[in-house]
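[1] Sequence and predicted structure are below.
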Amino acid sequence: QVRLVESGGGLVQAGGTLRLSCAASGNIFSINVMGWYRQAPGRQRELVARITSGAITTYADSVKGRFTLARDNAKNTVYLQMNSLKPEDTAVYYCNALLTPLGVAGTLQDHWGQGTQVTVSS
């Protein structure tokens, strides 16, 4: 059993900051990639940022220069620092992990958190 527990969402004014955290726990051997996706009403889920076990990060163009993703491998946790927030950043943010579970070498599983709401008011 693998769990992704998210925290840090909320309501903020445009130009403000929020920090999201996601901790993975359970039957985990290794985590290849962790990151955040978001889904706004009426839109498809999209990548926000992701980071590999080797600390290679990828950002959506819309958040480059404003969001920073960091990873603590020892804690299986990622942190998304969101600065200069805009109303268009309003969405439900989902944590994602691509991982290998214990006892099942050579396999990859895709896991999602329950989502956390981020609302940016203008």
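    Received the coordinates, thanks. Numbers count the residues shown, from 1 in each chain.

[2] tally of neighbours for Asp72?
    Counted with other C-beta atoms under 10 Å, residues neighbouring Asp72 total 11. For the C-beta atoms, the positions are set from N, CA and C on the backbone; glycine is no exception.

[3] What residues does it make contact with?
    By C-beta atoms under 8 Å, 6 or more residues apart in numbering, Asp72 lies in contact with 78-79.

[4] Beta-bridge partners for it, please?
    Residues found in beta-bridge contact with Asp72 (criterion: DSSP bridges) are Thr77.

[5] Could I get the full set of strands for this structure?
    2-7, 10-13, 18-26, 28-39, 46-52, 57-59, 67-72, 77-82, 91-101, 109-112, 116-121 (DSSP state E).

[6] Put together TSV for those strands, with mean pLDDT on each row.
    TSV is the format used below for the strands of the chain (pLDDT from 0 to 100):
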stretch	mean pLDDT
strand 2-7	96
strand 10-13	98
strand 18-26	98
strand 28-39	96
strand 46-52	97
strand 57-59	98
strand 67-72	96
strand 77-82	98
strand 91-101	97
strand 109-112	96
strand 116-121	98
